[in-house]
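Asks: here is the input, now give the coordinates:
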Amino acid sequence: MDVNLVTVLAVLAVTVSRTSETLFPGAFSCCMKISDEIPKALLRRVERFEIQKVDGLCHLEAVILYIESKKFCVSPWIRKLKKWMKRNKHKTQRKKLHGRKQRRAKIKQKQRKQ
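Replies: From the prediction side, this is the model:
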């Protein structure tokens, strides 16, 4: 193959992959495999977690654990993990409040502090 053709194909492949990630972000964040075991030491280092439900894009139910910018997919039926999730509900990703609700939340926080 010609070197220029190879370069053009490589640039095209990168462009297509970045465009598809932008257009379909959920398709690239689904867990495809899950682990059936998780060490306690790993659970202690979890910064946050998400629950992946079975829907149009993702075909596997899983818990996604984020540890130092890495993503680990784990089975949601592990007893140890269920107990840990109950104790660490605050580590779930929360939706941001907008507009009026956000102002009300800030006012309530100020009132609690006083």
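
Asks: K91 and C73, how far apart?
Replies: 16 Å (Cβ to Cβ, to the nearest Å). No exception for glycine: its C-beta is placed from N, CA and C like everyone else's.

Asks: no no, L43
Replies: The gap separating L43 from C73 is 14 Å, by Cβ to Cβ.

Asks: so between these two, which is more surrounded?
Replies: The neighbour comparison of L43 against C73 (other Cβ atoms under 10 Å) goes to L43, with 19 against 16.

Asks: I'd like the next helix or strand past the lowest-mean-pLDDT helix or strand in the chain.
Replies: One helix or strand of the chain scores below all others by mean pLDDT, DSSP states H and E: helix 3-23, with a mean of 53. Per DSSP states H and E, the first helix or strand lying C-terminal to helix 3-23 is helix 40-44.

Asks: and that following helix, what does it pack onto?
Replies: Other elements packing on helix 40-44 under the criterion 3 or more Cβ pairs under 8 Å, 6 or more residues apart in numbering; DSSP states H and E are strand 62-67, helix 79-87.
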